[in-house]
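Q: only the shape, not the letters, is given here:
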């Protein structure tokens, strides 16, 4: 059974950085793309960044472009979201999700993914 577990959230001040991790198991699961999403109270879910399997390009939402970086470590089956210059409006629950068979740049809604994690809270104070 494929599982995704997020970690790395917390309470930080505006301007600080955080790195979220998304560990995907089992290790035999491969050939998938990963997306990070976030949802703040009273707001719609927002797709933040995506990374395919292999050498395809990453994509970011306009709201985080230039501040967030998505990357992956294949040896650790882990996808990261490095978040710099955090703003109060970045406060949300962040989720990672995996979609099978994605080898090039992609941008899908969460409902089109095959698996998702439980989320990790990120709170940015002003």
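A: That came through, no problem. Computed from a predicted structure; not experimentally measured. Numbers count the residues shown, from 1 in each chain.
Q: any idea how many residues pack against residue 75?
A: As a burial measure, residue 75 scores 7 neighbours (other C-beta atoms under 10 Å). Bear in mind the C-beta positions are built from the backbone N, C-alpha and C, glycine included.
Q: three-state assignment of it?
A: The three-state assignment at residue 75 reads helix, by DSSP: H, G, I helix; E, B strand; the rest coil.
Q: and the pLDDT at it?
A: Listed pLDDT for residue 75 reads 94.
Q: against residue 108, how distant is it?
A: Using C-beta to C-beta, to the nearest Å, residue 75 is found at 26 Å from residue 108.
Q: and for residue 71?
A: Look at residue 71 and residue 108: by C-beta to C-beta, they are 19 Å apart.
Q: how about residue 58?
A: 14 Å.
Q: and if you look at residue 34?
A: Computed as C-beta to C-beta, the residue 34 to residue 108 distance reads 11 Å.
Q: same check, this time on residue 4
A: 15 Å.
Q: OK, contacts around residue 72?
A: 34, 51, 78-80 (C-beta atoms under 8 Å, 6 or more residues apart in numbering).
Q: at 7 Å what do you get?
A: 34, 51, 78-79 (C-beta atoms under 7 Å, 6 or more residues apart in numbering).
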